[in-house]
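> this one's structure only:
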């Protein structure tokens, strides 16, 4: 809009100057300057300041002229107007003559196009661009003089523009300057349009070469868009065809799916029919058992009458043997057909129990048929009766209506009517060529019949037990219900009905309302034993659903039972169930509100991982592990770190990913906390206010990092590319190995992770922690000490120490780092004053306690402390860092093994002649008082403070008074209190007001914590 407005203003300026409306142009110049539009007024300024247009001497002469009276001016104006009108008329005539001459000349110069040679064409092409440029630069005068109607239209358009733009003074001057036209009335012509000058401007722009090129570009773009549209339409048609084809495939698949569903439904109906048929067969088998038992009883009765059969042998011999053989053959054929039909039914139903029972029955029938040779001994009444019993059992098995009791009675009567048993015995034996083994075969038949009776009685017993147990359990004392477990397990394992087994399994899991540890162990052992006996399928379909139902039980003991059972039962289910259903159960239990349940879930997840068939669920398991690590319960965290973390590493083998996620979690837990201060650029704006939850998360994640150190070290050793280097210190890295590493010729990512990723991230974390977060700083220190212990003194000296020295702004030797890594280590150096202060406040404590605090660096620690405290106090440039250094030494005092070195350096400062060093010693003693016991306070702290309190410098004395107050606040020992009172009296003897105020201020802080004697002393001071 600003560009358009500027262009319209330039058009108006050009018109006014072309038409010599100088007064109007001069007025427009002033109004543009008043509006602050200096850019549009540049041409007007140049025009009116041009000496050739307005000579200075003429302007000065005009200024000296007297002011003419209006009458003379009016006369001069009229005469000038007459001369101007004449001149304009003559000019118009001359211009018309010029136009005529130009037209004639143009006609003479025209030649046919076909007579022009190629050189003229090339010249015209080369001059085309120049001609277009000259055409664009042509002024209004190139079009010839303005006609009256053109001038009138342009004057009205400029007047309208000046009014619209708000240049009213310029418009008024324009009215006065245009005397030959009435600007109030604009004749109705084609040029009379609203906002006319703007329309003229647009029309001019549209007639230029640039506009034509733009139109051509738009046409080409339109053509390309049309082609693109056609291409998209073709793609749309092809996609529509593909969609129709896909719809046809989907409909075909849908029909196929419906047919499969119908077929599946038919199969299910067939399975149900086969189940019913199998149940009917089972009932028939039970009936056969009962009939076999009855036959056994008849056989035993017939054996008792064997002495009476001796007289009836001749009668028995008269019975044709061929008849018995034929009957036995027909019986065998019928049994074979029944076996085939029964086996088909069993295969369709997939009933393990029915298969077992039918197999037992089949074996019994086969054993009975194997004894068919007994019929060859007609003289043996027991043998004959046994074959009759075989016939009766077979007939009953084939739904024959003859009663076994009747057959047995008829056969017995034939035995009683026989006269010559001995003779027939010999004849029959000779005919068959078989030895007399009737008694042994009878014994085998007796055992078989006993087993059938036992199975039948056992099934009935199981049924009775299953019916009675749910009624018995509620009336048994809770502490004795585990004694029912063998009965419940037996009933679950052997009962044929699945619904009854589900009910008994439910009773097993709900046996005790709130089972204690021992009772849960007994129930779990029962579940494991049951799973071993029933197999995978029944464990999945009967035991696991009960676990799922108990997940949301109101009592945590029951949920704990489920959590403890999952890991144990996983061994007895299919592998694909372990990482699906059982993992889902464990995931639900991890969300439980009870701590013991979450702990058991973590323990059982660790047991479950080695049983997973693959690592497809790794990232889900890793997420669950980090969730358990950040659990608010310390017991759950401990179980996760000691059991689940090693299991995840050994199972997933993704240590690198765990380390990356761990460092990310550590930093994000602190970074999402609000800053300590909102003042941008201050040290406090970089520090974070950690909440209880965030502090806990950072702490446990640092513990996890410590637990991972052995795995990191082991992987670094295993992936070491310098296997030929002899290691004299076991698995610790030697100086020679680090020298090879510094060459930078090989990659060693497992080793570089510690100083390229881990240590810089820990330094970044430290720079987010305020002074009060000693617990997290202490945890980081333990990690650094453990790291140096695992990797050795060479790694500590040449890798860890340079990293932290650079991070606090000191110089360090980086020769043991590859050149590609040195730049990253140098990037840890603080660049600004705020960064230096932050490094001293946050990183220096880790350098002192975690790096130089290692057992083999105590001498270097003492030297570095002396450099900080003694040499630093002598420099005037250090007072800005003095408080941060004191705080770093205070943190070092949280480790008792460093107290001796610190007090040695403090005594050097106390006895020094430098005032700043003494003041620093007093401040440092005040800071470390809470970390010493009463013995150290009496033997080291108080003597040093008494020495400082006797100093002649008042600043040193007042600093020691504050330190005495800190001692009084933390110790209630009578001897210490007496020494403090004596020293305070010495301070008060000076009689100075400042000393009294310092004593009162120092001791008032100790009032809530000190002894009664010192409290009375303070009250006396106040009175």
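Yep, that arrived. As the structure is a computational prediction, the values presented were derived from the model and not from experiment.

> From here on, just use CA atoms for contacts and neighbour counts.
OK.

> Helices of the stretch 201-350 of the chain, residue ranges please.
Counting by DSSP state H, counting those that start in this stretch, one finds helices in the stretch 201-350 of the chain at the ranges 209-304, 313-318, 321-349.

> which stretch in those has the least confidence?
Looking at the helices of the stretch 201-350 of the chain, the lowest mean pLDDT belongs to helix 313-318 (a mean of 41).

> surely residue 557 meets residue 514?
Yes - between residue 557 and residue 514 there is a contact at 5.5 Å, judged by Cα atoms under 8 Å.

> Give me the more crowded residue out of the two.
Under the neighbour definition other Cα atoms under 10 Å, residue 557 and residue 514 were set side by side, and residue 557 has more, 20 against 16.

> for the more buried one, what are its contacts?
Counting by Cα atoms under 8 Å, 6 or more residues apart in numbering, residue 557 makes contact with 514-516.

> what's the helix or strand for it?
Using DSSP states H and E, residue 557 maps to helix 556-569.

> try residue 514
Per DSSP H and E: residue 514 is located in neither a helix nor a strand.

> Pull up the gap between the residue nearest to the spatial centre of the chain and residue 600, please.
Here the mean C-alpha position of the chain is nearest to the C-alpha of residue 623 (Cα atoms, centre = their mean), at a distance of 6.9 Å. To residue 600, residue 623 is 17 Å away according to Cα to Cα, to the nearest Å.

> burial of residue 747, as a residue count?
Residues contacting residue 747 under the criterion other Cα under 10 Å number 12.

> which residues does the nearest residue to it once chain neighbours are set aside contact?
In space, and not counting its chain neighbours, residue 747 is closest to residue 721: 7.9 Å by Cα to Cα, 6 or more residues apart in numbering. Counting by Cα under 8 Å, 6+ apart, residue 721 touches 746-748.

> tell me the SS of residue 721?
coil (DSSP: H, G, I helix; E, B strand; the rest coil).

> I'd guessed residue 860 sits against residue 852; true?
Yes - at 6.7 Å, residue 860 and residue 852 qualify as touching, with contact defined as Cα under 8 Å.

> Which one of these two is surrounded by more residues?
Using other Cα under 10 Å as the criterion, residue 860 and residue 852 rank with residue 852 on top: 24 against 14.

> Now do the phi/psi pair for the nearest residue to the more buried one once chain neighbours are set aside.
If the residues on either side of it in the chain are set aside, residue 852 comes closest to residue 861, at 5.1 Å by Cα to Cα, 6+ apart. Dihedral angles of residue 861 (phi, psi; degrees, to the nearest 10) stand at phi -60, psi -40.

> Now do residue 861: how many residues are near it, please.
By other Cα under 10 Å, 21 other residues sit near residue 861.

> swap in residue 777?
25.

> which secondary structure element contains it?
Element membership for residue 777, per DSSP H and E: helix 774-791.

> Please enumerate residues in contact with stretch 863-870?
Stretch 863-870 is contacted from outside by 885, 902, 905, 908-909, 917, 920, using Cα under 8 Å, 6+ apart.

> Buried residues in that stretch, which are they?
The neighbour-count check on stretch 863-870 (16 or more other Cα atoms under 10 Å) flags 865-866, 868-870 as buried.
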